[in-house]
Every structure is written in structure tokens, then in C-alpha cells.
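Student: okay, predicted coordinates and the sequence, questions at the end:
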Amino acid sequence: MQQISEDIRKKIILFQATEITEYHIYKRLANRIKFGENARILNQIAEDELRHYNGWKKYTNEEVQPRWSHVWFYYLVSMLFGFTFGVKLMEQGEEKAQANYAAVAKVIPEATLYQEEEDNHEQQLIEMLDEERLQYAGSVVLGLNDALVELTGALAGLTLALQNTKLIALSGLITGIAASMSMAASEYLSTRSEKTSKHPVRAAIYTGIAYITTVTLLILPYLLFENYYLDLAIALTTAVIIIAVFNYYISVAKGESFRERFLEMAGLSLSVAAFSFVIGYFIRIWLGIEV
């Protein structure tokens, strides 16, 4: 076995730690799924990681322990947000290792092969992962986007028109619940008329749940605080946070642009809210309403 410098050896030990850590993550996810194509793909990637680990061990003659905190973190993230999101989030961190691979490849030929497998083979396998929650991402987007645009606008208008937190919350809930059922029904009919693999009832449920969850979060401040201007500010901030979190999830899980989607949804929701706020003010003056 060829002699390697201490610097290269340290880099290889880091590679070993990464490979064995990811082996345990993929194995746990595969065991969680148990059957089907997704389990096969995750098991295949796990075996590749173990093979890389053993390949590196030939140069260090050292057993390296997994980073158990990483194992459990990514496992829990995958259970909460879906294995596709967890796997792709984990693989994003691998981009930082490219410089180290290049340095080691000058000394150890296998490094180039391992890097190519990490970059190409595993990414191809990851793209093959098929998860229900991503199939219905469009339905969730429909529910979220519609609720954010309608409710931020409605709450802004109602805040200035009614100036009473309980009345605003009541009006918002009635509007939101009715609209969520309407959107769910529309998604059911739309999906049923399309030739897709999506089930109409499931699509409607995803849309309805996304809508009513968003409605609940936006109206909650009006049930907790008496200052309706503060409530509106919290509701709008909540809307921006929801948009940011969801678009980050989609950007990682589906490889789409976060910035573009976030700015589009946030700009639309806040623009409608600002317009409705002004409309609510003029309607209140026009009708001479004092609450």
C-alpha cells in the first residue's frame, strides 16, 4: 500500500466518516420503507456508501465511527418531511467536499471514481425516488397559495373595516372554511378530469388541509391579541414565513429555484393584502360604518 501524507490521511478519514454515516442513514430509511422500488434504491445507495468506506479504509487501516448525531438528525428530518427531502438535503452538504476530493485524487486514483459515483450514479438514483407527498405538491401549492392570497387580502380589508378582533376572526374563519371546501372540491373535479396518476380524493384532501392549516395560522393572532394592527402585522409575517418554509422544502425536494418562487408568492400575497387594506378603508368611509 502506497504511503500517503498526514494531510491526505486526515481528508480520507473525513471521507470515511461521511460514507459510513450516510450508509447508516440510507439503511435506516430503507428499513423504514421495507418494500418496493424506493427501498431498493435506498439500499443500493447504502451499499455504495459502504463500499466507498471500505475502499478508503485500505489507505488508513482505521475504523471510523459514524457521526451518530447526523444519522439521527437526517433520519428524523426524513420522517417528518419525507425521505426525498431528507436525502436531498443531506446530499447538498456533499458539495462542500469537492475540493477535498480533487486534492486526494492527485494521490489516490480511486478518489476520481468515488467522486463520479457520488455525483452521477447516486444523483440518478435519488431522482428515481417516488414519494406521494411530492406527487401532490401541486395540490398543496394550490391550497397554500390560494389561502395566502385570499386570507391576507381578506384580513387586511376586514382589519380596517371592522376594527374588532373577534369580528375579524369570525369573518375570516367563515370565509376560510367555506373557501377551503370550495378549493378542495375544485381540485377534486380538476384532478378527476385530468389523465394523471394522482387520485382525485387525495388531491382534494391535500388542497383542503393546506388551505385550512394556513387559514388557522393566519387567524390565530386575532384570537390571542386585542390590538388588530398588531394582529395584522403578525398574520402577514406568518404568511411570509409559511411561503419561505414551503418554498425551501420544494426547492430542496424538487430542485427548483427558491428565490424565484418565494418572491413571486410573497409579492402576490402582500400586494393583495395592501390593496385590500386600502379598499377596506375606503369602503368603511363610504358606508360610514363605525364599529
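Tutor: That came in fine, so what should we check first? Numbers count the residues shown, from 1 in each chain.

Student: do I have it right that Thr60 meets Phe15?
Tutor: No: using C-beta atoms under 8 Å, Thr60 is not in contact with Phe15; the gap is 9.4 Å. Heads up, the C-betas are built off the backbone N, CA and C, glycines and all.

Student: more crowded one of these two?
Tutor: Phe15 (24 against 17; other C-beta atoms under 10 Å).

Student: tell me, what's the model's pLDDT at that one?
Tutor: Phe15 carries a pLDDT value of 86.

Student: and for Gly55?
Tutor: Predicted confidence (pLDDT) for Gly55: 88.

Student: moving C-terminal from whichever helix or strand it is part of, which element do we reach first?
Tutor: Assigned by DSSP states H and E, Gly55 falls within helix 36-60. Downstream of helix 36-60, the next assigned helix or strand under DSSP H and E is helix 68-81.

Student: before we move on, back to that, in the helix holding Gly55, what's buried?
Tutor: 38, 41-46, 48-50, 52-53, 55-57, 59-60 (16 or more other C-beta atoms under 10 Å).

Student: how distant is that helix from the center of its chain?
Tutor: 26 Å (C-alpha atoms, centre = their mean, to the nearest Å).

Student: show me what it is packed up against.
Tutor: Under the contact definition 3 or more C-beta pairs under 8 Å, 6 or more residues apart in numbering; DSSP states H and E, helix 36-60 sits against helix 6-33, helix 83-92, helix 110-116, helix 122-128.

Student: how about those, which one is nearest Trp72?
Tutor: Smallest distance to Trp72 across those (C-beta to C-beta): 9.0 Å, for helix 6-33.

Student: what's that closest one packed up against?
Tutor: Partner elements for helix 6-33 (3+ C-beta pairs under 8 Å, 6+ apart): helix 36-60, helix 68-81, helix 83-92, helix 98-105.

Student: which of those has the lowest average pLDDT?
Tutor: When I compare the helices and strands packed on helix 6-33, helix 98-105 is least confident, with a mean of 68.

Student: which ones are touching His70?
Tutor: 21, 25 (C-beta atoms under 8 Å, 6 or more residues apart in numbering).

Student: please redo it, this time with the cut-off set to 7 Å
Tutor: Contacts for His70 (C-beta atoms under 7 Å, 6 or more residues apart in numbering) come out as Thr21.

Student: how close does it get to Glu150?
Tutor: For His70, the distance to Glu150 (C-beta to C-beta, to the nearest Å) stands at 41 Å.

Student: cool, and His52?
Tutor: Taken as C-beta to C-beta, the span from His52 to Glu150 is 50 Å.

Student: tell me what the host helix or strand of Ala179 is packed against?
Tutor: Using DSSP H and E, Ala179 sits in helix 165-193. Where contact means 3 or more C-beta pairs under 7 Å, 6 or more residues apart in numbering; DSSP states H and E, helix 165-193 is packed against helix 137-162, helix 200-224, helix 228-254.

Student: deepest of those helices, which one?
Tutor: Stretch with highest mean neighbour count among those: helix 137-162 (a mean of 23; mean count of other C-beta atoms under 10 Å).

Student: got the angle between that helix and helix 165-193?
Tutor: Here helix 137-162 runs at an angle of 150 degrees relative to helix 165-193 (axes from the mean of the first three to the mean of the last three C-alpha atoms, to 10 degrees).

Student: helix 137-162: how far from the chain's middle?
Tutor: 20 Å.

Student: mind exporting the C-alpha coordinates of stretch 259-273 to PDB?
Tutor: Extracted in PDB, the C-alpha atoms of stretch 259-273 (Å, rounded to 0.1, in the frame of the first residue of the first chain):
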ATOM      1  CA  ARG A 259     -35.700  32.800  -4.700                       C
ATOM      2  CA  GLU A 260     -37.900  33.000  -7.700                       C
ATOM      3  CA  ARG A 261     -40.800  31.000  -6.200                       C
ATOM      4  CA  PHE A 262     -40.600  32.800  -2.900                       C
ATOM      5  CA  LEU A 263     -40.500  36.300  -4.300                       C
ATOM      6  CA  GLU A 264     -43.500  35.500  -6.600                       C
ATOM      7  CA  MET A 265     -45.700  34.100  -3.900                       C
ATOM      8  CA  ALA A 266     -44.700  36.700  -1.200                       C
ATOM      9  CA  GLY A 267     -45.100  39.600  -3.700                       C
ATOM     10  CA  LEU A 268     -48.500  38.400  -4.800                       C
ATOM     11  CA  SER A 269     -49.800  37.800  -1.200                       C
ATOM     12  CA  LEU A 270     -48.500  41.100   0.200                       C
ATOM     13  CA  SER A 271     -49.700  43.100  -2.800                       C
ATOM     14  CA  VAL A 272     -53.200  41.800  -2.500                       C
ATOM     15  CA  ALA A 273     -53.100  42.500   1.300                       C
END
